[in-house]
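Asks: the following block contains a protein sequence and its predicted model.
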Amino acid sequence: MILALLYILAGIMAFWFAYYLAREARRVRNWPTVYGEMLERGVEGVGQRYRPRVKYRYSAEGKDYVSDQFYSTGKPYGLESTIQKLVDGVPDPVPVHYDPQNPARSYLVLTPTWTVWILVVVGVIALLLGLMQLLTELVGP
């Protein structure tokens, strides 16, 4: 019974996170864009995974800002070669999307929608496994 509930909980959490990412992407999609200057770009290792290391400067609403936010939500992780290609693909000057309510908040790339769909698929699989496990325990062998 506990395993079934854990699967169901994992499915619900995956759906919630997918909803959060989709909502956040809609919220930041139309932020104004200015061109900024790349100050640093590279790849940093975190255990067995790698993520982009970027730093850029931009001006918005009459002030200068420096940021290191790559995706609109979170930091991407992956293989070193994949992250290196991602970082190398960032142009200079770089288009910077900033929050008109708080120009210090910015990002370079909108979080890809495929991450939302992966979470939805994981949620469906976890829920199905949980329901099958629950049904098996309730009905018996």
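Replies: That came through, no problem.
Asks: where's Gly45, which helix or strand?
Replies: Secondary structure assigned from DSSP states H and E places Gly45 in strand 33-46.
Asks: excluding chain neighbours, what is closest to Ser72?
Replies: Sequence neighbours aside, Tyr107 is the residue nearest to Ser72 in space, at 4.3 Å (criterion: C-beta to C-beta, 6 or more residues apart in numbering). In this view, the C-beta of every residue, glycine as well, is placed from N, C-alpha and C.
Asks: tell me, how many residues neighbour the one you found?
Replies: 18 (other C-beta atoms under 10 Å).
Asks: any idea of the mean pLDDT for the strand holding Gly45?
Replies: The average pLDDT within strand 33-46 is 93.
Asks: now what about the following helix or strand past it, what contacts it?
Replies: Sequence order places strand 49-60 as the next helix or strand after strand 33-46, per DSSP H and E. Applying C-beta atoms under 8 Å, 6 or more residues apart in numbering, the contact partners of strand 49-60 are 32, 34-44, 64-68, 70, 75-80, 82-84, 86-87, 90, 94, 96, 98, 103, 106, 108.
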